[in-house]
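[1] predicted model, plus sequence, below.
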Amino acid sequence: MKGKVYIKTFGCQMNEYDSARTADLLASSHGLERTATPEDADVLLINTCSVREKAQEKVFSQLGIWREWKARRPDLVIGVGGCVASQEGEALRARAPFVDIVYGPQTLHRVPGMLDAVRARRRPAVDVSFPEIEKFDRLPEPRASGVTAFVSIMEGCSKYCSFCVVPYTRGEEISRPFDDVIAEVVALAEQGVREITFLGQNVNAYRGALHPAAADVAGDDAVCDLAELVAYAAAVDGIGRIRYTTSHPLEVTERLVDAYRAVPELVGHLHLPVQSGSDRVLAAMKRGYTAASYVEKVARLRAARPGLSLSSDFIVGFPGETEADFEDTMNLIDEVRFDASFSFLYSPRPGTPAAALADVVPDAVKRARLARLQARITELAAEVSAGMVGTVQRVLVEGPSKKDPAALRGRTENNRVVNFDGDPSSRGRFVEVAITEALPNSLRGELVATPPGVASDGRART
């Protein structure tokens, strides 16, 4: 079968990764070309997110549009994957009976076979099972589409925070074997990738099985943690920068702190979700730490990597959140000085313990608190950007600027977009850029000469 597939993605970077690998699968199995124009597609897929109610409702809104298309084109195949599919299963088709394929995050590798079944039998296919790590064994070789790439290293979460649906939609924590992850990193580096981001719902809980020879040496401790994985990935030829997301404060080990001291390829930027600055709310969320212990871990990280920038997640208006609780969050923000955040109003998710709690915070109060929090984070981010003016930053050139194709675009270690003039042939190289201006959503800079003794990948020449 030839044709085109369109994939609409909601949610996190893990979903972006899963969508890309689904496209790779269908290209390999059916010759389907991924398109950015849904009207041109023969197969329409939505990769869903159920972390917040708004994201879930967007899915059914999109399906409502596609239903009309299918009425005009009966051979059009519509599929729903991801966390909403995992959560709803067969019930999703009760609400949207025109959907042909329903698959979960762990069964995306079965989509080609499900597509064949739909075409041959003219009846829907539903598979939202949890076959552990099987999907990674069935995926084709990764195909790089730029100089940065995501690498999924684990699935699921075993923390069971009271507000979170992830353990129920993606299962408990399962780590990919060490060899498989490194093989994917090597394959991507050979295709020109220079920056990788390790992905997982609880990525710093990674415990990947070592290959048999290494396991014999390691004995009972025959697993690799994130710190060791980072060190090995940094040694892969061509890889000059490593990120990871999303992490959990409980999994910030001393070995991981040491990695910030010992591995220069690990960026000086960390996304470390705190959710709240109130110990009372954190306990109700079942996060397993206090505000003070979070701050203490931040201090150790910044001692290992001076200047480390931090971003975080915040939930505003958790059931029973008082004004004093919210002030604790604002005080924590000022103490840690986060320079970016993903912050949202609390959204009760069916099946989670928090969904049974009485929500006594008025909507107007929630919205006012969220606006205040976001305004403060914006102020802090602007201060960080302004402080970068006059400095020289190591930037990975990703390609042409989105607003000015004649200029180049890249990112700093602390995830700031920088636009500057330069040679288009430098795409994929690390360059030194003097920051000249801080704008609301980006920086401007000027290219400076690469210092003597430094290669284009940013490593010291020997």
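    Structure received.
[2] contacts, neighbours, all on C-alpha from now
    OK.
[3] show me where the stretch 51-200 of the chain has helices.
    Using DSSP state H, counting those that start in this stretch, the helices found in the stretch 51-200 of the chain span residues 53-72, 83-88, 90-95, 111-121, 134-137, 166-169, 178-190.
[4] can I get these in a markdown table with mean pLDDT?
    Formatted as a markdown table, the helices of the stretch 51-200 of the chain follow (pLDDT from 0 to 100):
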| stretch | mean pLDDT |
| --- | --- |
| helix 53-72 | 86 |
| helix 83-88 | 84 |
| helix 90-95 | 86 |
| helix 111-121 | 92 |
| helix 134-137 | 68 |
| helix 166-169 | 87 |
| helix 178-190 | 96 |
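[5] so which of the ones you listed is the most surrounded?
    helix 83-88 (a mean of 25; mean count of other C-alpha atoms under 10 Å).
[6] show me what that one is packed up against.
    strand 43-48, strand 101-103, helix 166-169 (3 or more C-alpha pairs under 8 Å, 6 or more residues apart in numbering; DSSP states H and E).
[7] just send these back as a markdown table, with distance to Ala292 too.
    Converted to a markdown table, the helices and strands packed on helix 83-88 look like this (distance: least, C-alpha to C-alpha, whole Å):
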| stretch | distance to Ala292 |
| --- | --- |
| strand 43-48 | 35 |
| strand 101-103 | 41 |
| helix 166-169 | 26 |
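[8] ok, which of the helices of the stretch 51-200 of the chain comes nearest Arg287?
    helix 166-169 (14.0 Å; C-alpha to C-alpha).
[9] helices or strands next to the closest one in the packing?
    helix 83-88.
[10] ok now the helix it packs on, how far from the chain's centre?
    Helix 83-88 sits 19 Å away from the centroid of its parent chain (C-alpha atoms, centre = their mean, to the nearest Å).
[11] quick one: Arg241 from Pro97, how far?
    45 Å (C-alpha to C-alpha, to the nearest Å).
[12] how about Gln201?
    Taken as C-alpha to C-alpha, the span from Gln201 to Pro97 is 30 Å.
[13] comparing Arg241 and Pro97, which shows the higher neighbour count?
    Taking other C-alpha atoms under 10 Å, Arg241 and Pro97 do not tie; Arg241 has more neighbours (23 against 12).
[14] partner residues bridging the closest residue to Arg427 other than its chain neighbours?
    Closest residue to Arg427 apart from its sequence neighbours, by C-alpha to C-alpha, 6 or more residues apart in numbering: Val397 at 4.9 Å. Beta-bridge partners for Val397, by DSSP bridges, are Gly410.
[15] isn't Val397 up against Ser425?
    No. In this structure Val397 lies outside contact range of Ser425 using C-alpha atoms under 8 Å: 9.5 Å.
[16] next, count neighbours for the closest residue to Glu190 other than its chain neighbours.
    Spatially, and ignoring its direct neighbours in sequence, Glu190 is nearest to Gly238 (7.6 Å; C-alpha to C-alpha, 6+ apart). For Gly238, the count of nearby residues is 24 (other C-alpha under 10 Å).
[17] hmm, which helix or strand of the protein has the shakiest average pLDDT?
    Counting by mean pLDDT, DSSP states H and E, the chain has its least confident helix or strand at helix 212-218, which shows a mean of 57.
[18] can you give the contact residues for the helix or strand following it?
    Scanning forward in sequence from helix 212-218 by DSSP states H and E, the next helix or strand is strand 223-225. Applying C-alpha atoms under 8 Å, 6 or more residues apart in numbering, the contact partners of strand 223-225 are Phe178, Asn204, Ala205, Tyr206, Arg207, Gly208, Ala209, Leu210, Ala215.
[19] and the residue lying closest to Asn202 once chain neighbours are set aside, what does it touch?
    The shortest distance from Asn202 to any non-neighbouring residue, by C-alpha to C-alpha, 6+ apart, is to Ser247 (5.2 Å). By C-alpha under 8 Å, 6+ apart, Ser247 lies in contact with Gly200, Gln201, Asn202, Val203, Asn204, Ala205, His271, Leu272, Pro273.
[20] got it, and Thr9?
    By C-alpha under 8 Å, 6+ apart, the neighbours of Thr9 are Asn15, Glu16, Ser19, Ile46, Asn47, Thr48.
[21] of those, buried ones?
    Asn15, Glu16, Ser19, Ile46, Asn47, Thr48 (16 or more other C-alpha atoms under 10 Å).
[22] output those as JSON lines; include the columns distance to Gly320.
    What follows is the buried ones among the contacts of Thr9, written out as JSON lines (distance: C-alpha to C-alpha, whole Å):
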{"residue": "Asn15", "distance to Gly320": "31"}
{"residue": "Glu16", "distance to Gly320": "34"}
{"residue": "Ser19", "distance to Gly320": "37"}
{"residue": "Ile46", "distance to Gly320": "35"}
{"residue": "Asn47", "distance to Gly320": "33"}
{"residue": "Thr48", "distance to Gly320": "29"}
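[23] out of the residues you listed, which is nearest to Val418?
    Glu16 (23.1 Å).
[24] enumerate every residue touching the closest one.
    Shown in contact with Glu16 (C-alpha under 8 Å, 6+ apart): Thr9.
[25] next, the angle from the helix or strand hosting it to strand 43-48.
    Element membership of Glu16, judged by DSSP H and E, is helix 13-30. Using axes from the mean of the first three to the mean of the last three C-alpha atoms, to 10 degrees, the direction of helix 13-30 lies 160 degrees away from that of strand 43-48.
[26] how about helix 13-30: buried residues?
    Buried, per 16+ other C-alpha under 10 Å, within helix 13-30: 13-27.
[27] in this protein, where is pLDDT below threshold?
    1, 52-55, 132-135, 138, 213-221, 450-462 (pLDDT under 70).
[28] OK, contacts around the residue nearest to Asp279 when sequence neighbours are not counted?
    Closest residue in space to Asp279, ignoring its immediate chain neighbours: Thr290 at 5.3 Å, by C-alpha to C-alpha, 6+ apart. Counting by C-alpha under 8 Å, 6+ apart, Thr290 touches Ser278, Asp279, Leu282, Ala283.
[29] which of those are buried?
    Here, 16+ other C-alpha under 10 Å leaves Ser278, Asp279, Leu282 buried among the contacts of Thr290.
[30] could I get the residues you listed as JSON lines with secondary structure and distance to Asp42?
    As requested, the buried ones among the contacts of Thr290 are exported to JSON lines (DSSP: H, G, I helix; E, B strand; the rest coil; distance: C-alpha to C-alpha, whole Å):
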{"residue": "Ser278", "secondary structure": "coil", "distance to Asp42": "50"}
{"residue": "Asp279", "secondary structure": "helix", "distance to Asp42": "51"}
{"residue": "Leu282", "secondary structure": "helix", "distance to Asp42": "47"}
